[in-house]
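K.L.:
Need coordinates for the below:
(one chain, ligands or ions: 3)
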Amino acid sequence: MMTHFTSQDLRIAILTNQLAITLQPKVCLKKFEIIGHEVLLRWNHPTCGLIPANQWIEIAEERNLITPLTFWLTDQVARILSQRQSSLPVAINVSPISMTPAFANQIIATFRRYNVATNLITLELTESKKIDNYNAIAGSLSILRREGIRISLDDFGTGYNSMRTLVELEVDEIKIDKTMMQSDHPNTNLILNAIAGLAKEINLTIVCEGIENNTHFNRALKINAEIGQGFLFGKPEPINQIIHHANTSRESA
Ligand code: C2E
Ligand code: CA
Ligand code: CA
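P.N.:
Ligands and ions are numbered 1, 2, ... in the order given. Just a heads-up that it's a prediction; the model follows:
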């Protein structure tokens with residue numbers, strides 16, 4: 001477990017390319033085709049080895065390092081998309097503590113600077129931290145959505161405040177967390193049906209994550225989820241590989 005790192009360690013990690021950007025496919029469940037990717041960070045630490053994001057993102061949030069990290073990541077993703085002239089939709093994770101109007105404007109400015117169409121971008125609002133500044137977040141989301149950036153409510157069903165978040169924030173999709181998709185508790189299907197009914201009622205796209213096998217896949221189909229993500233479709237892979245592949249398939253089409 002990586003618990004003892006400083007802002008300096010993270011800065012060094014960025015400067016010495018220890019942070020790797022990986023992409024995991026998001027799949028249209030009806031057509032069974034890739035409709036975009038989620039950006040997931042990996043830290044290849046020189047002495048600790050590969051550190052999964054859930055072991056250090058929370059610490060980065062606690063130490064106020066997450067916002068500069070997200071700016072760095074957005075800049076990298078925008079630069080790569082513009083260099084490869086990729087029209088591949090991507091989703092970037094954003095911690096609610098980063099979400100202010102100034103943050104929203106800087107994200108928009110970054111995509112403009114690189115000439116990347118903002119309607120290719122989804123921001124996934126993670127639920128790792130308790131949201132307590134609904135007003136600031138709601139204002140920021142409306143700035144982003146006005147520019148065509150989609151907003152996804154990540155880890156849906158795991159936070160204490162999922163329903164309040166849905167009431168207070170205008171979003172485009174909910175992403176049902178893998179713990180719900182994989183749960184074998186007898187009430188799970190009932191709860192999933194209720195969540196899906198609510199999402200349809202207010203016109204939200206439903207994304208199911210953590211689809212590892214046919215049981216999870218069928219569960220997503222049963223609630224009419226539009227999009228799925230999980231090891232059954234593909235694991236997170238290095239970004240360069242995927243964009244190269246997408247460009248090659250487009251050229252040969
Ligand atoms: P998340 O946003 O819910 O991302 C999904 C996590 O589930 C990823 O773990 C992914 O590798 C994993 N996953 C995907 N499909 C499957 C599956 O079929 N089965 C299982 N067991 N796992 C699956 P990862 O990459 O370790 O990321 C963990 C969390 O760290 C993410 O959860 C996200 O909240 C956070 N994170 C990752 N990258 C970033 C980032 O750039 N910024 C922020 N703010 N958070 C990030
Ligand atoms: Ca996510
Ligand atoms: Ca999740």
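K.L.:
residue boundaries of the helices in the stretch 151-253 of the chain?
P.N.:
Taking DSSP state H, counting those that start in this stretch to define them, one finds helices in the stretch 151-253 of the chain at 162-168, 178-181, 188-201, 214-222, 239-252.
K.L.:
Now the second one - C-alpha only, CSV.
P.N.:
It stands for helix 178-181. Listed in CSV are the C-alpha atoms of helix 178-181, where the atom choice follows Å, rounded to 0.1, in the frame of the first residue of the first chain:
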residue,chain,number,x,y,z
LYS,A,178,-19.1,-2.6,-10.3
THR,A,179,-20.0,-3.5,-6.7
MET,A,180,-23.7,-3.4,-7.7
MET,A,181,-23.2,-5.1,-11.0
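K.L.:
coming back round to it: mean neighbour count, the helices of the stretch 151-253 of the chain: which tops it?
P.N.:
Comparing the helices of the stretch 151-253 of the chain by mean neighbour count (mean count of other Cβ atoms under 10 Å), helix 178-181 comes out on top with a mean of 19. Backbone N, C-alpha and C define where each C-beta goes, glycine included.
K.L.:
mind checking which helix or strand residue 71 is in?
P.N.:
helix 66-83 (DSSP states H and E).
K.L.:
Tell me which residues of that helix come out buried.
P.N.:
Taking 16 or more other Cβ atoms under 10 Å as the basis for neighbour counts, the residues of helix 66-83 that come out buried are 66, 67, 69, 70, 73, 74, 75, 76, 77, 78, 80, 81.
K.L.:
Tell me if that helix is near ligand 1.
P.N.:
Yes - Helix 66-83 comes into contact with ligand 1 when judged by Cβ under 6 Å from any ligand atom, the residues involved being 66, 70, 73.
K.L.:
gap between that helix and the chain center?
P.N.:
Helix 66-83 sits 14 Å away from the centroid of its parent chain (Cα atoms, centre = their mean, to the nearest Å).
K.L.:
what sits up against that helix?
P.N.:
The contact list for helix 66-83, computed with Cβ atoms under 8 Å, 6 or more residues apart in numbering, reads 10, 14, 21, 39, 41, 57, 60, 86, 88, 90, 92-95, 97-98, 103, 106-107, 110-111, 113-116, 120, 239-240, 243.
K.L.:
Which one, of the helices of the stretch 151-253 of the chain, ends up nearest to residue 126?
P.N.:
helix 162-168 (11.4 Å; Cβ to Cβ).
K.L.:
helices or strands next to the closest one in the packing?
P.N.:
If you count contacts as 3 or more Cβ pairs under 8 Å, 6 or more residues apart in numbering; DSSP states H and E, helix 162-168 packs onto helix 134-146, strand 150-156.
K.L.:
Pick the most deeply packed of the ones you listed.
P.N.:
strand 150-156 (a mean of 23).
K.L.:
Quick one: mean pLDDT for that strand?
P.N.:
Looking at strand 150-156 alone, the average pLDDT works out to 95.
K.L.:
Also stretch 223-231?
P.N.:
Confidence over stretch 223-231 (mean pLDDT, whole number) is 98.
K.L.:
ends of it, how far apart?
P.N.:
Stretch 223-231 stretches 20 Å from its first residue to its last (Cα to Cα, to the nearest Å).
K.L.:
Pull out the buried positions in it.
P.N.:
Within stretch 223-231, the residues that qualify as buried by neighbour count (16+ other Cβ under 10 Å) are 223, 225, 226, 227, 228, 229, 230.
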